[in-house]
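> Sequence plus the predicted model coming up.
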Amino acid sequence: MKKVLITFVIILGITSIGHALVLPQATRCLFIDLYAFEKEGDIYFRSHVNANERAELKSLIDEAEKRVAAFWDKKLASPKFIYCDTDEDYLRFGAPFLTPAAAVMHIGSYVVISSDGMDLDIISHELSHTELFERIGLINRSLKIPVWFDEGLAMQVDHRSYYSLDTLKALSNNYQHLPNVKSMKDYASFGTGTRDEIMMNYRTAKYYVFNWHTPEILDSFIQDINEGKSFTEAFDK
């Protein structure tokens, strides 16, 4: 029994170290309670963040949750929110490069928000990622869902004007000249290029999902994915 326990502890230790090395941001989010953050409900922040800023963040999250719940029919995900008002904290918990916000999903889900991410559309976008994750799980999301679809789905609740379908229509000659986002399965392809090219990828993904989506189609898609069908089988049904 003692040998079994020692073996288990060793395996657990190796697994934890591996997780931290491969997914450092996800690992730090998982252990957020061990860091010097204060907490109000599910929102974490540094002690120097003032009351007005905390109230604004709480209000934006509340509104984003309502918007996302309306799109998804109901809210299932309960992510923790980590507000990082410094670049150092954001790089530690959010992403290895600076973005306004990030959804970090592995063991549980977290929405990491920078000071530039204090925006209803941005928070709604990241929350939508957590709703898909909640419905299909880590393995299905990682192995079956191409990045263009994941981002296009999140863009349905992201109403920033420069990502609008009207903007895409004007820039693409009435949708005639679009990037081939459906070949972009991962972030290495979807997120590569100039700023304008990457923005076109997001607009185009939004366009394709918008033309595909109805609440009934999305529900059927999720059921099919969870029943073992491939993305193509579920999407093209």
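It's in.

> Mind listing residues that contact the lengthiest helix in the chain?
Taking DSSP state H as the criterion, the chain has its longest helix at helix 120-144. In this structure, residues lying in contact with helix 120-144 by CB atoms under 8 Å, 6 or more residues apart in numbering are 60-61, 63-65, 67-68, 71-72, 75-77, 79, 100-103, 105-106, 109, 111, 113, 117, 145, 150, 153-160, 222, 225-226, 230-231. For glycine as for every other residue, the C-beta is placed from the backbone atoms N, C-alpha and C.

> Poorly predicted segments of this structure, please.
Residue ranges of the chain with pLDDT under 70: 1-22.

> residue ranges for the helices of it, please.
Counting by DSSP H, the helices of the chain are 2-22, 24-30, 51-72, 87-93, 120-144, 147-154, 165-171, 187-190, 195-212, 215-226, 231-235.

> right, and those helices - which one's nearest Gly41?
Ranking the helices of the chain by proximity to Gly41 (CB to CB) places helix 51-72 first, at 7.8 Å.

> domain assignment for this protein?
Annotated domains of the chain cover 12-138, 145-237 [automatic domain parsing].

> Export these as CSV, with columns for mean neighbour count.
Output for those, formatted as CSV (neighbours: other CB atoms under 10 Å):
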stretch, mean neighbour count
domain 12-138, 17
domain 145-237, 16
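
> Relative to Asp236, how far out is Gly228?
Applying CB to CB, to the nearest Å, the value for Gly228 to Asp236 is 16 Å.

> And Ala51, by the same measure?
From Ala51 over to Asp236 the distance is 51 Å, taken as CB to CB.

> again, but for Arg46
47 Å.

> ok, now Phe221?
For Phe221 relative to Asp236 (CB to CB), the value is 10 Å.

> okay, the angle between the longest helix of the chain and helix 147-154?
Orientation check (axes from the mean of the first three to the mean of the last three CA atoms, to 10 degrees): helix 120-144 against helix 147-154 gives 140 degrees.

> what's the angle from helix 120-144 to helix 215-226?
Using the same axes, to 10 degrees: helix 120-144 against helix 215-226 is 40 degrees.

> Off-centre distance for stretch 50-60?
Distance of stretch 50-60 from the chain centroid (CA atoms, centre = their mean, to the nearest Å) equals 21 Å.

> same check, this time on stretch 91-108
For stretch 91-108, the separation from the chain centroid amounts to 9 Å (computed by CA atoms, centre = their mean).

> residues in contact with it?
23-26, 28-30, 32, 79-80, 82, 84, 87, 90, 109-114, 116-117, 119, 122-123, 125-127, 129-130, 133, 138, 141.

> now do the same end-to-end measure for that stretch.
19 Å (CA to CA, to the nearest Å).

> again with stretch 32-44
Start and end residues of stretch 32-44 are separated by 8 Å (CA to CA).

> Report the contact partners of Ala69.
With contact taken as CB under 8 Å, 6+ apart, Ala69 is in contact with Lys75.

> Thanks a lot, catch you later.
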